[in-house]
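In: Got a predicted structure here, sequence first:
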Amino acid sequence: MKLLHVVGARPNFMKAAPVIDALKRADAGTQILLHTGQHYDENMSRIFFDELGLPAPDANLEVGSASHAVQTAEIMIRIEQYLSEQKPDLVIVYGDINSTVAATLTCTKIGIPVAHVEAGLRSFDRNMPEEINRLVTDQIANYLFTPSPDGDEHLLREGVASDKIFLVGNVMFGTLVRLLPKAKQRNVRKTLELPEQYGLITLHRPSNVDEPDSLVEIMTTLNEIGEDLALVFPIHPRTRKRLQDMDFKTPNIQFIDPQGYLDFVALQSEATVVITDSGGIQEETTYMGIPCLTVRENTERPITITVGTNTLIGKDMQKLKQSVQDIINGRYKVGKNPDLWDGKASDRIADVIVNRL
Ligand code: UD1
C-alpha cells in the first residue's frame, strides 16, 4: 500500500508524527510525506520536524502565505500534479487548516481516497476559516478518524455514513506522551528568567488579532494582568505583524519568538495559567492539568471544558482578569483526562488502515 501524508502548518506536525510511526510499526507499506509549505519559517515548521523525529518531507509545495482563496487554490494546483505522479492508494490529511481542505478536494476530484485525522470537531462558528475547512473535508473524505464521541455525533447528524467513521481518540497525545519527559528536562523557564508563577499566552485567531479594537482590548487587559503575574507570550507571525502595525506598547508582557515543540510543552507544563485562542493548547493543558483560559466565544473541543481544565472567556475581559485571580488564589476547577487520551490513537488508526480499509 502507498500512503501519502499531507501536512502544511504547525498544528499538523505533532499529529502526523505518531501516525507515521504507528503505520511504520504496522508495516503498512510505503509512506510519503508531503509538506504544502503553508508554514515555512524555521520556528513554525523545520524545528518541529527535528524535535518530533519526523522524516524530512519527500516534497515541499512551497505555497507560502496568501489570501485564503489563493493559498487554497495554489495548494490544489500543485498537489494535483504531485498526486498524479505519485498515485498513492490513500492520502491522509490532518486537522482543519487550508492544506487539509485543499488536499481533500483535489483527491476526491481525481478519485484518490482520503482519510481525515481529527474529524468531526465543530465550533458551530462559520466565521472561523477552520470550521469551513472541517465541514467541507468531512463531507467529502472517505474515512473519518474522530478524537472524541462528539465528533461521531456531529458527523452522523450531518449525514455521514457510520461505516466511514472510526472513533480512535486524540492522536496528538502520542507525541505528548512520548516527549513530555524530554520537554520537562528543558530549562526554558530559567533561560527566560521567569519566576515560578507565570502565565503563558498565545493568540493568533483572526477574530482576535485582525480586528484592531479587539486586539487592543485583549492586550490592554493582559498588560494589566501582567502587573500581578509574570506573562510570557511566544508571538505568532500574524499577531506580531498586527502589533507592529499598531505600535502598541505592553511593558508587562515578555514577548518571545514562536517556540519549538519541546520548549513550548515545557512552558505549558510549568505555567500557572495558559491564556490562548489555539485549539490544540486547550487539549494539551487539559492533559497536563494546567488551567486554560480560552479567549474565544466557542470551542470545537468542548470536552476540555466539561471534563478538563479549560474555561471559555469569550470577549469578557473582566472574566479573564477574575479567572486569573481565582487561579492564582487556588480557586479553580481540577480537570481530568477524557477517555481515549492515552497516546494510543495512532495505533488504532494504523490498525484500521492495515486491517479494515
Ligand atoms: C494557520 C491555520 C490555523 C492554525 C495556525 C497555527 C488555516 C486557515 N489556519 O493559521 O488553523 O491554528 O495555522 O499557526 O489554515 N506567517 C509567517 N511565517 C510562517 C507562517 C505564517 O510569517 O511560517 C505569517 C504570514 O504573514 C501569514 C500569516 O502568518 O500571512 C498567517 O499564516 P497562515 O498560514 O495563513 O495562517 P495562520 O494564522 O498561521
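Out: Perfect, thanks for sending it. Numbers count the residues shown, from 1 in each chain.
In: which parts of the helix or strand harbouring Ala350 are buried?
Out: Of the helices and strands defined by DSSP states H and E, Ala350 is found in helix 345-355. Buried residues in helix 345-355, counted by 16 or more other Cβ atoms under 10 Å: Ala345, Ser346, Asp347, Arg348, Ile349, Ala350, Asp351, Ile353. Backbone N, C-alpha and C define where each C-beta goes, glycine included.
In: Please apply the same query to stretch 225-234.
Out: Here stretch 225-234 shows Ile225, Gly226, Leu229, Ala230, Leu231, Val232, Phe233, Pro234 as buried, counting by 16+ other Cβ under 10 Å.
In: Show the contacting residues for the fifth one.
Out: Think Leu231. Tyr198, Gly199, Leu200, Ile201, Leu222, Ile225, Asn252, Ile253, Gln254 (Cβ atoms under 8 Å, 6 or more residues apart in numbering).
In: Pull out the buried members of these.
Out: Tyr198, Gly199, Leu200, Ile201, Leu222, Ile225, Ile253, Gln254.
In: ok, of these, which one's closest to the ligand?
Out: Ile201 (14.5 Å; Cβ to the nearest ligand atom).
In: contacting residues for the closest residue to that closest one other than its chain neighbours?
Out: Of all residues not flanking Ile201 in the chain, Phe233 sits nearest, at 4.1 Å (Cβ to Cβ, 6 or more residues apart in numbering). Counting by Cβ under 8 Å, 6+ apart, Phe233 makes contact with Leu200, Ile201, Thr202, Leu203, Leu222, Ile253, Gln254, Phe255, Ile256.
In: Helix, strand or coil: sort out the first one for me.
Out: With DSSP: H, G, I helix; E, B strand; the rest coil as the basis, the three-state label of Leu200 is strand.
In: Run a quick neighbour tally on the nearest residue to it once chain neighbours are set aside.
Out: For Leu200, ignoring the flanking residues on the chain, the nearest one in space by Cβ to Cβ, 6+ apart is Ala271 at 4.3 Å. A total of 24 residues lie near Ala271 under the criterion other Cβ atoms under 10 Å.
In: does Ala271 really touch Glu196, like I thought?
Out: No - contact between Ala271 and Glu196 fails when scored by Cβ atoms under 8 Å: they sit 10.4 Å apart.
In: Next to the ligand in this structure, residues from the stretch 201-350 of the chain, please.
Out: In this structure, the stretch 201-350 of the chain approaches the ligand at residues His204, His236, Pro237, Arg238, Lys241, judged by Cβ under 6 Å from any ligand atom.
In: if we go to 5 Å?
Out: Contact residues, the stretch 201-350 of the chain versus the ligand (Cβ under 5 Å from any ligand atom): Pro237, Arg238.
In: The stretch 201-350 of the chain: helices as residue ranges?
Out: Counting by DSSP state H, counting those that start in this stretch, the stretch 201-350 of the chain has helices at residues 206-209, 212-225, 237-246, 261-270, 280-288, 303-306, 317-328, 345-355.
In: between those, which one is nearest to Val177?
Out: Val177 lies closest to helix 280-288 among those, at 8.7 Å (Cβ to Cβ).
In: That closest one - contacts with which helices or strands?
Out: Packing partners of helix 280-288 (3 or more Cβ pairs under 8 Å, 6 or more residues apart in numbering; DSSP states H and E): helix 172-184, helix 261-270, strand 273-276, strand 292-294, helix 303-306, strand 310-312.
In: Mean neighbour count and mean pLDDT added to those, as a markdown table?
Out: Output for the helices and strands packed on helix 280-288, formatted as a markdown table (neighbours: other Cβ atoms under 10 Å; pLDDT from 0 to 100):
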| stretch | mean neighbour count | mean pLDDT |
| --- | --- | --- |
| helix 172-184 | 19 | 96 |
| helix 261-270 | 22 | 98 |
| strand 273-276 | 25 | 98 |
| strand 292-294 | 26 | 98 |
| helix 303-306 | 19 | 96 |
| strand 310-312 | 21 | 98 |
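In: Could you dump the ones you listed into JSON lines and include distance to Gly95?
Out: Shown next, in JSON lines, are these (distance: least, Cβ to Cβ, whole Å):
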{"stretch": "helix 172-184", "distance to Gly95": "10"}
{"stretch": "helix 261-270", "distance to Gly95": "15"}
{"stretch": "strand 273-276", "distance to Gly95": "16"}
{"stretch": "strand 292-294", "distance to Gly95": "17"}
{"stretch": "helix 303-306", "distance to Gly95": "16"}
{"stretch": "strand 310-312", "distance to Gly95": "18"}
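In: Who is the residue nearest to Ile201 paired with across the strands?
Out: Phe255 (DSSP bridges).
In: Could you tell me what pLDDT the model assigned to the closest residue to the ligand within the stretch 101-250 of the chain?
Out: The ligand sits closest to Pro237 of the stretch 101-250 of the chain, with a gap of 3.1 Å, by Cβ to the nearest ligand atom. pLDDT, Pro237: 97.
In: from memory it sits against Glu42, does it?
Out: No - between Pro237 and Glu42 there is no contact under Cβ under 8 Å: 11.5 Å.
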